[in-house]
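S.K.: Build me a model:
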Amino acid sequence: MVLPEGLPPKGAAGGKSDALERKASKTSMLDQSGSLSNVRFSVFGLGSSAYPNFCAFGVLINRLLQNLGAECIQPMVQGDEMGGQEGAFRKWSNSAFKSACETFCLSEHIDNNPDIDATDQSWSADRFRLTVCKDAQEYDICTGLSKLHHHRTVVPCTMLSRTQLQASKSSRQTILICLDSEGADELTYMPGDHIGVFPVNNTKMVDSIVARLDGVPDPDVVVKSETLQYESGPQDTVQKWKTNDRLPICTIRTALARYLDITTPPTQSFIGHLAELATDEVERKALHVLANDSTAYEEWKFESFPSIVDVLEAFPSVRVVASLLVSELPLMKHRFYSISSSPQAYPGQIHMTVAVVQYTTKGGKFHSGVCSSWLNTMEEGTLLPCFVRPAPKFHLPSDDSVPVIMVGPGTGIAPFRSFWQQRKVDKYWKPTADTAKGQLPFGPMQLYFGCRTADGDNIYKEETSTAKAEGVLSSVYTALSREPNRPKTYVQDLLRQNGESIYYNIVGRGGHFYVCGDVSMAADVFIALEDILLNNSSMTTEEAKDYLLKLKDTNRFHEDIFGVTLRTAEVAKKTRLQSKDHRNSLTSVKHGDKEDREMQHRDGNNTENGSSVCMDEFSTHL
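M.R.: This is a model prediction of the structure:
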C-alpha cells in the first residue's frame, strides 16, 4: 500500500484525521479481535520533509489499520522525495514481497528474490519500438495534452505582454505575464484560483538529445510507441505488437519538447537502462554504481542535479534508444501559478506573477527553470496551453465587512493582487453601505509584504501605494530583509509588532487571515500568530494552537503554501540534511512511535504535483 504525503486524498478521509482515529480507537476497544483481523498489510508513505506533517497520512493509515485489527507484516517505511525515495521504495517493496510470501506460505512456490521493478511495462530493447505513422498528423498541442492528462481540458491562451517587475540592479527577476483567455469557458476563474501552464523544453537541450539518438533517421516524422505483448491462444502463446498510449502520436522532437521531462535528474532505474546501453566498460561500471548505490546516487544528484542531457554528455558511449526515452522519461508536468488578476477588473485576461528561476548547483552547473525561462523569453502572441484550478479555500470572504489580513512575501503577493483589484471593483459598485438595508461598510484589508530591498525588489510598490491612497488597502506593511544599514526584518516580525491590532481584527471582529509563500515562512507566521494570541489573551499555548486550527477548520485561516523555494541554498541544504536524518533514523515507523502524532489540519492549496519537488521549479510562483 503506497500512500501520499499529508492530508488524505479526496474521498478518503476528508482531512478529519482526529475523527478517524477516535473511531478507530473506539472500534478497537469494542472489538478486541478487530473488524479487519483477516487483513495483512504494509504501508509505504510518500512525502517531502520540506513540509510539516511528513508522510502524516501514511502514518495515520498505518495506525488506523492496526487499531482495526489488521496485521502489519512489514513495518511502515517513509520515502522522502528530498532524497532516497526510490531506493527506500525498492528496499521496502522487496521486503514486503518476501514477508507476504512467508505470511501466505508461498515461499516454496515463488521466486523469493524477484526484480520488483520489472513489470510487463518495463522497457527492454526487444519489447518496445517506435513505428512511423504514414500520412498521420500530430494533434495540436492542447488536444495532445488533454489526451495525456485525461482529467484536464487544456486550452490555449495568448501572451499579451510581459513586464519586468524588479529593478535592473536587483540580483533577481520577477515578471508579470498578461494572457488573453480568448473567452474560453474553461478558463473562468475567481480571485485566489490557480492557472496551470504546460511549458516547452529548451530547444538547445532537445536538439542535443536528438543528435544522440541511435537509429532514428528523421526525428520530425510522426511515430507511435508499440509494446510487444503475449496473448494466450487456443494452442499456444501469440506475440502481438500493440500501441502504447502513454503519449499521443507525435514526432520524437515534439515528444521531447512538449510531453517529456528532460530536466529532472534521471531515476536510478533509468540509469540502469543507460548502463546496459553503454559501450565503454568504465562508463558502464560508473552507471551501474549510480543505478544500484542509493548513497552514491543521492550525492551525485545533489552535487550537480543533472538533466538527461548532462548525463549523456558525461557518458558519451551510451547508445540513446528513442523508445527508451519515450517509454521511461517522466511526463512533463504543468506548473501552477496563483492568478494575479480579478476577472472583473481585467475581463478576458489572466495575469501571473512569476519569479524567473536561475541557480548554480554545488558542482558549479548553471540551471534555469523550464517554465519561468520560457515565459521570460517568449514572443508576444505565443500560445500557452493552460487550465484553471479552482482554490475555493483561498477565496475572499463572502462577507465584505469582515477584516482581511494578507501575508505574502516575494511572489507570495501574487494572489493578493487579485484580491485588492476585486475589492476596488466591489467598492465601485457599492461605494457606501446602506445601513437601512442592513449593509455594513467594507472591512479593513491589510497587506504584509516582504522583499530584500526597497528600491530593487518591492514589486507592485506603485500599485499598492495607489490602492492605499484610494482606500482599497487600509494599510501596507513591508518587511525588508537586505536593506543597507537596517536590521533584517521579516513579515512575522511585522505581525508581532502589530499584534494587538491583528488580535482585535481576527478574534474581536471575526476577520480572515491569508498567507501565501514558502512552507518555512508559513511555519514562522503560524508561530507568530500563536505568540500574538498568547500576548493578547489568557489563552494557554495549547489553546492558542487549537484556536488557530479551528480557524483553519472554519475556513478563516487560509494558506497557499509551497515546498522549497528559491530562498534556497540554505533551505535546500537544510531540507536535504533533514531528509538524510529521516533515512537514517526514521526508515521504519512502528505503531506507537513518538513521531506517530496527530496530524495538524493544513489547507490543501499547495501545488498539485507536490509529489515531485525538483530544483527546476521549486515554487508555485516560479
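
S.K.: Low-confidence stretches in the stretch 401-550 of the chain?
M.R.: For the stretch 401-550 of the chain, residues meeting the criterion pLDDT under 70 lie at 433-439.

S.K.: Could you do the chain as well?
M.R.: 2-34, 107-121, 433-439, 563-622.

S.K.: go with 80
M.R.: For the chain, applying pLDDT under 80 flags the ranges 1-34, 50-52, 82-83, 106-121, 232-236, 362-363, 431-440, 563-622.

S.K.: OK, contacts around the spatially closest residue to residue 403 that is not a sequence neighbour?
M.R.: In space, and not counting its chain neighbours, residue 403 is closest to residue 511: 3.3 Å by CB to CB, 6 or more residues apart in numbering. Placement of C-beta: from N, CA and C, glycine included. Neighbour list for residue 511: 402, 403, 404, 405, 443, 505, 556 [criterion: CB atoms under 8 Å, 6 or more residues apart in numbering].

S.K.: Now, of those, which are buried?
M.R.: Buried by 16 or more other CB atoms under 10 Å: 402, 403, 404, 405, 443, 505, 556, out of those.

S.K.: how deep is residue 82 tucked in, by neighbour count?
M.R.: By other CB atoms under 10 Å, 25 other residues sit near residue 82.

S.K.: Test my guess that it contacts residue 51.
M.R.: No. With contacts counted by CB atoms under 8 Å, residue 82 stays clear of residue 51, the gap being 9.8 Å.

S.K.: now the longest helix along the chain, how far from the centre of its chain.
M.R.: If each helix of the chain is counted by residues according to DSSP state H, the longest one is helix 85-103. Centroid displacement of helix 85-103 relative to its chain, using CA atoms, centre = their mean, to the nearest Å, is 27 Å.

S.K.: let's have the chain start at 442 instead
M.R.: That works, and once the first residue is 442, the last one we named lands at helix 526-544.

S.K.: State the next helix or strand along the chain beyond that helix.
M.R.: Going down the chain from helix 526-544, the next helix or strand is strand 569-573, by DSSP states H and E.

S.K.: Check which strands are paired with that next one and give the direction for each one.
M.R.: strand 663-673 (antiparallel) (DSSP bridges).

S.K.: residues touching the residue in the chain sticking out farthest from the centre, list them.
M.R.: Centroid-distance maximum for the chain: residue 676 at 50.2 Å, with CA atoms, centre = their mean. Shown in contact with residue 676 (CB under 8 Å, 6+ apart): no residues.

S.K.: What helix or strand is it located in?
M.R.: Residue 676 belongs to no helix or strand, assigned by DSSP H and E.

S.K.: next one: phi and psi at it?
M.R.: phi -120, psi -30 (degrees, to the nearest 10).

S.K.: Over to the one 4 residues further on?
M.R.: Torsion angles at residue 680 (phi, psi; degrees, to the nearest 10) stand at phi -100, psi 130.

S.K.: That one pairs with what?
M.R.: residue 671.

S.K.: in the stretch 642-791 of the chain, which spans are helices?
M.R.: All helices of the stretch 642-791 of the chain, identified by DSSP state H, counting those that start in this stretch, fall at 644-653, 693-695, 709-718, 722-733, 735-745, 749-755, 763-769.
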